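A.B. asks: below is the sequence, then the predicted model.
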Amino acid sequence: MSVRSPAAGRALTLSPPPGWLLGWWGLGRAVTLATAFALKPTVWTLDRWDGRWYRMVARGGYLLVPGRQSDPAFFPLYPIVLRLVHGAGVRWGLVGPLISNLALLPGLALFYALTRELFSEPVARRATIYLAIFPLGYVFSMAYPESIELVLFAAAPLAALRGRWWTAAACAGAAALARPEGLFLALPLAGIAWSQRRRLSTSQRGVALAAVLAPAAALVSYSLYLASVVHDPLAWSEAERAWGRRFQLAGVYRAFAHLPAAVGHTPWLVRDVVFFFCYLGLLAAARRLGTPLPWLAAGAAIVVLPLFTGAFDSIARFGLLAPPLFWGLAGLTADARVHRAVSALSLGLLVVCTVSLAYVFP
Amino acid sequence: MRRTLLSVAIGLAGAAGVTATGWALQAAALPPPTPAARMAADASVWLHEHRLVIDVFHTGHRRQTAACLRGWFATPHGVVVRGSLLGVGGGPVLRVAADSRRVAVVRGRVRRRLPARLAVTAGCSGELAPLLARAAQSGGHLRAVRAFAAGRATVALQLVPSEGERLTLDVSPRTFQPLVATITRGERKLVARLYLARATGRVLRRFGLLRLAEARSRR
């Protein structure tokens, strides 16, 4: 499969999502919501775990309590959106799941458009379907920022491919304010800028550079904001430590060395370990499909870097924001029967994983 | 060369614009923490940094001295749990696990005049610190008012630890060091003057905590 030439110059306008995309989005959300409501007939299931922390930030802002788990570990864009929508009259418990479920639709549409720009329509369609019904996809219905991050993560490179570098810069900056994974958008954006370098004017090159720097710049803005409200620019890193997340070179070794004990303590960790190795396989499949190297690097960073904190926790969820994984999966399922089998398996696992929500954080 | 420099300048200006816009967005859209929340967080840090609190309890007209040590302790079943040990001077020793509200008597008998649960909540850093941190982060039921306690002007942090309970923690207005905790539950009221201290062998021995603390370290 060859990588298609970028469609520079086109506006970042999206046609209404095709019927099949609406259908898979609806199916994925219906399965997730039905399973969640079967567990407990309230939004409680979708509003818990990290959702509580995001809501706390939205309601009361940031506060660092050194030595204890505190909210600067949760990036600001999603709480800002929660606060805005709550201001329109939606109650707190409902606002998070509502935003996440609705934002997933444009997220899938943008992901489909991006994948079609890079690969072919069939690959784009299959990858989008897998993303819509991925086992960990129940997170896209929770009060988590993954849906919004998906919108921005797909919109930034799509805008760049179409030569809309200011839009790309804004989306990349916003992505880094939603989740730390947004930082890795710099890699594909740099790749796109490099491939377009001969076509771009002097000022356009400058804007492209701004787009590449935008995620880091946005992270700086978060640090500056934390410095102004909690008097510690690295409060987000300090807060992460209270969750046992601390980047160290020996982190990967520790993650594997402590794995038996960690699984003994939290058997659910097996889920993340299994997904981690699946993700590595899917990255290899994405490489075979012809995924551009900067995208592979970004995908690998999203999957592998968390191991440097010494734990496998939540790696399964982090993979949701690594597009190459879904491209790799789509590359493996060109055969219609395999595609149907993978879709059915994914839907079944989506139910199982949603049930696990009552017992373990994603 | 000039064109390259111009591109870099535009790129850096754009990145600076992203930083400025990001900061402005956060500053405009998110509320800053309330002064009460900040004070509660700072008071929580004081308590977090001190494993040992020497308490002077006042219940009615009675005065009792005690010491509360936070750490990991062995239960009679040999299980090591995180929690607090409260030794009432020359009397009973109480233990409460960090994730439990049940107070166990490790040694001696508790006199009816000392409400054990209230004493542990008001007198132990291991109980007070998470209470304050939770109240600071959730923002609900937390108020700060000017007050006078321990012979000086203080800021009284008022919170509701659980249904029916009210806790007032008087802190220093400059450093936010906890000074006095007053807890009421129904008709019962307990005032604890808090002295944050270092856990030395002499203090632990005086309050009957040394052997219990050592039992953990020998394991």
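C.D. replies: Looks like it arrived, so ask away.
A.B. asks: output the below-cut-off pLDDT ranges for the chain.
C.D. replies: Since you didn't name a chain, this refers to chain A. Within chain A, the segments meeting pLDDT under 70 span A:1-14.
A.B. asks: actually, chain B is the one I wanted.
C.D. replies: B:111-113, B:140, B:214-219.
A.B. asks: looking at it, which helix is longest?
C.D. replies: helix B:2-29 (DSSP state H).
A.B. asks: which residues in the stretch 251-362 of chain A form helices?
C.D. replies: Ranges of helices within the stretch 251-362 of chain A are A:251-257, A:259-265, A:269-289, A:293-304, A:315-318, A:323-332, A:336-356, based on DSSP state H, counting those that start in this stretch.
A.B. asks: can you check chain B too?
C.D. replies: With helices called from DSSP H, chain B shows them at B:2-29, B:35-49, B:116-123, B:125-138, B:201-206, B:210-218.
A.B. asks: the longest one: how far from the chain's middle?
C.D. replies: Relative to the mean C-alpha coordinate of its chain, helix B:2-29 is positioned 43 Å out (CA atoms, centre = their mean, to the nearest Å).
A.B. asks: now swap in stretch B:143-153 and tell me
C.D. replies: So, by CA atoms, centre = their mean, the centroid of stretch B:143-153 is 17 Å from its chain's centroid.
A.B. asks: same deal with stretch A:112-124?
C.D. replies: Remark: stretch A:112-124 is offset 18 Å from the chain centroid, using CA atoms, centre = their mean.
A.B. asks: and stretch B:41-57, by the same measure?
C.D. replies: For stretch B:41-57 - counting by CA atoms, centre = their mean - the centre lies 6 Å from the chain centre.
A.B. asks: quick one: is it near chain A?
C.D. replies: Yes: part of stretch B:41-57 sits close enough to chain A to count as contact by CB under 8 Å from any CB of the partner chain, namely B:41, B:44-45, B:48-49. Where you see a C-beta, it was placed from the backbone N, CA and C, and this is true even at glycine.
A.B. asks: most surrounded residue in those?
C.D. replies: Within the residues of stretch B:41-57 next to chain A, most neighbours by other CB atoms under 10 Å in any protein chain shown means B:S44, with 28 neighbours.
A.B. asks: report the contact partners of that one.
C.D. replies: By CB atoms under 8 Å, 6 or more residues apart in numbering or on different chains, the contact list for B:S44 reads A:65, A:68, B:128-130, B:132-133, B:136.
A.B. asks: closest to B:A29 out of these?
C.D. replies: B:A136 (21.0 Å; CB to CB).
A.B. asks: that closest one and chain A: what is the separation?
C.D. replies: 6 Å (CB to the nearest CB, to the nearest Å).
A.B. asks: that residue reaches A:V65, doesn't it?
C.D. replies: Yes: under the criterion of CB atoms under 8 Å, B:A136 makes contact with A:V65 at 6.3 Å.
A.B. asks: list residues touching both of the two?
C.D. replies: Taking CB under 8 Å, 6+ apart as the contact rule, B:A136 and A:V65 both touch B:41, B:44.
A.B. asks: so which residue is dead centre in the chain?
C.D. replies: Here I'm looking at chain A. The structure's chain A has its C-alpha centroid closest to A:L321; by CA atoms, centre = their mean the separation is 2.9 Å.
A.B. asks: think we crossed wires, I meant chain B
C.D. replies: The geometric centre of chain B, computed from its C-alpha atoms, lies nearest to B:A129 (CA atoms, centre = their mean), at 2.0 Å.
A.B. asks: tell me who's in contact with it.
C.D. replies: Here B:A129 is in contact with A:68, B:44, B:47-48 (CB under 8 Å, 6+ apart).
A.B. asks: how about those residues in a markdown table, adding distance to A:F134?
C.D. replies: Below are these laid out as a markdown table (distance: CB to CB, whole Å):
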| residue | distance to A:F134 |
| --- | --- |
| A:R68 | 33 |
| B:S44 | 40 |
| B:L47 | 44 |
| B:H48 | 40 |
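A.B. asks: farthest pair in the residues you listed?
C.D. replies: A:R68 and B:L47 (10.7 Å).
A.B. asks: in terms of neighbours, single out the busier of the two.
C.D. replies: Neighbours per residue, other CB under 10 Å: of A:R68 and B:L47, the larger number sits with B:L47, 26 against 19.
A.B. asks: does B:A104 really touch B:V93, like I thought?
C.D. replies: No: applying CB under 8 Å as the test, B:A104 and B:V93 come out as separate, 9.7 Å apart.
A.B. asks: next, count neighbours for A:A301.
C.D. replies: Around A:A301 there are 15 other residues, counting by other CB under 10 Å.
A.B. asks: what's the closest non-adjacent residue to it?
C.D. replies: The shortest distance from A:A301 to any non-neighbouring residue, by CB to CB, 6 or more residues apart in numbering or on different chains, is to A:F184 (4.8 Å).
A.B. asks: now do B:M39
C.D. replies: Among residues not flanking B:M39 along the chain, B:F176 sits closest, at 5.2 Å (CB to CB, 6+ apart).
A.B. asks: contacting residues for that neighbour?
C.D. replies: Applying CB under 8 Å, 6+ apart, one finds that B:F176 lies in contact with B:39, B:42-43, B:46, B:155.
A.B. asks: next: A:T128.
C.D. replies: When contacts are counted by CB under 8 Å, 6+ apart, A:T128 touches A:21, A:24, A:108, A:111-112, A:115, A:326.
A.B. asks: list the buried residues of the strand or helix carrying it.
C.D. replies: According to DSSP states H and E, A:T128 maps onto helix A:121-132. Going by neighbour count (16 or more other CB atoms under 10 Å in any protein chain shown), the buried part of helix A:121-132 is A:123-132.
A.B. asks: surely B:A40 touches B:L157?
C.D. replies: Yes: the pair B:A40 / B:L157 is scored as a contact, 5.4 Å apart, by CB under 8 Å.
A.B. asks: of those two, give the one with the bigger neighbour count.
C.D. replies: A count of neighbours by other CB under 10 Å puts B:A40 above the other of B:A40 and B:L157, at 29 against 26.
A.B. asks: and the end-to-end length of stretch B:138-152?
C.D. replies: 29 Å (CA to CA, to the nearest Å).
A.B. asks: touching that stretch from outside, list them.
C.D. replies: By CB under 8 Å, 6+ apart, stretch B:138-152 touches A:56, A:59-60, B:34-37, B:39-40, B:135-136, B:153-160, B:168, B:170, B:172, B:179-180, B:193.
A.B. asks: buried subset of these?
C.D. replies: With neighbours counted by 16+ other CB under 10 Å, those contain buried members at A:56, A:59-60, B:34, B:36-37, B:39-40, B:135-136, B:154-159, B:168, B:170, B:172, B:179-180, B:193.
A.B. asks: how near is A:A143 to A:L177?
C.D. replies: 17 Å (CB to CB, to the nearest Å).
A.B. asks: now swap in A:S15 and tell me
C.D. replies: For A:S15, the distance to A:L177 equals 28 Å [CB to CB].
A.B. asks: who has more neighbours out of those two?
C.D. replies: Set A:S15 next to A:L177 and count neighbours by other CB under 10 Å: A:L177 wins out with 27 against 7.
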